[in-house]
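[1] Based on what follows, work out the 3D shape:
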Amino acid sequence: MSLLASGISKSFGKKNVLNNVSITCNKGDIIGIFGRNGSGKSTLLKIIFGKINADAITLKVNSKNIQPNQVIPKKLIAYLPQQSFLPKGIKVRDSITLVLSDIETQEKLFYNSKIAAIEKQKIGTLSLGELRYLELLLIGHLKHPFLLLDEPFSMIEPKYISLISSLLIDLKKEKGIIITDHYYNDVLKVTTSNFLLKNGNQIDILSKEDLVLHNYLSK
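    Reported below is the predicted structural model:
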């Protein structure tokens, strides 16, 4: 499977947020997107997902043109937003049956040791790490071939950063993944390629040193 999102441009008023940005994501890829707050990282993911209209975009899956408004009904791309999407008042076990319809997949998550330990807790009582790990498990076990993840590492406990890193590496065997996060060290450990958004433009990033060179990180 291959996802191509090319020629992406977006302005808000007089501010040019994205200027002809292009991404190719294949099964087995984890693409990292860096950028300061307001650089357009989340906007880019929402455009690819079809949640925000672009000023210009060409979207293809397996070389076939796809309209952004077809992404959700065709179940091509799953999106993990920064804010939790699960109702705070339901139990962890119920969230699994709410999101996943396949019985075999549900059972797989029920037998996950980390989930089994919290299955009777309500979503609103979980730590940030527990919640993010659960959400990523749910999103990752949908049938969608591509995942867009907005800050899966931010503000969570170190042990869950490790768990999420391992989960991403496992998921890329069957999916293509695009990820944004300020936790650059954790992103660089799992990604296959990276780029920086700066002043609306796309800059390839090969190492941490490139992030310093382009003033995303201080020396």
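[2] ok, how many other residues are close to the nearest residue to residue 173 once chain neighbours are set aside?
    Distances taken as Cβ to Cβ, 6 or more residues apart in numbering place residue 28 nearest to residue 173, at 7.1 Å, with adjacent residues excluded. Where you see a C-beta, it was placed from the backbone N, CA and C, and this is true even at glycine. Close neighbours of residue 28, defined as other Cβ atoms under 10 Å, add up to 13.
[3] Look at residue 28 and give its secondary structure.
    Look at residue 28: counting by DSSP: H, G, I helix; E, B strand; the rest coil, its state is coil.
[4] my read: it touches residue 170, true?
    No: if you go by Cβ atoms under 8 Å, residue 28 and residue 170 don't touch, sitting 11.8 Å apart.
[5] and the residue nearest the centre of the chain, what is it in contact with?
    The structure's the chain has its C-alpha centroid closest to residue 149; by Cα atoms, centre = their mean the separation is 1.1 Å. Contacts for residue 149 (Cβ atoms under 8 Å, 6 or more residues apart in numbering) come out as 80, 136, 139, 177-181.
[6] and those as CSV, adding secondary structure and pLDDT?
    Formatted as CSV, the contacts of residue 149 follow (DSSP: H, G, I helix; E, B strand; the rest coil; pLDDT from 0 to 100):
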residue, secondary structure, pLDDT
80, strand, 96
136, helix, 97
139, helix, 96
177, strand, 98
178, strand, 98
179, strand, 98
180, strand, 97
181, coil, 96
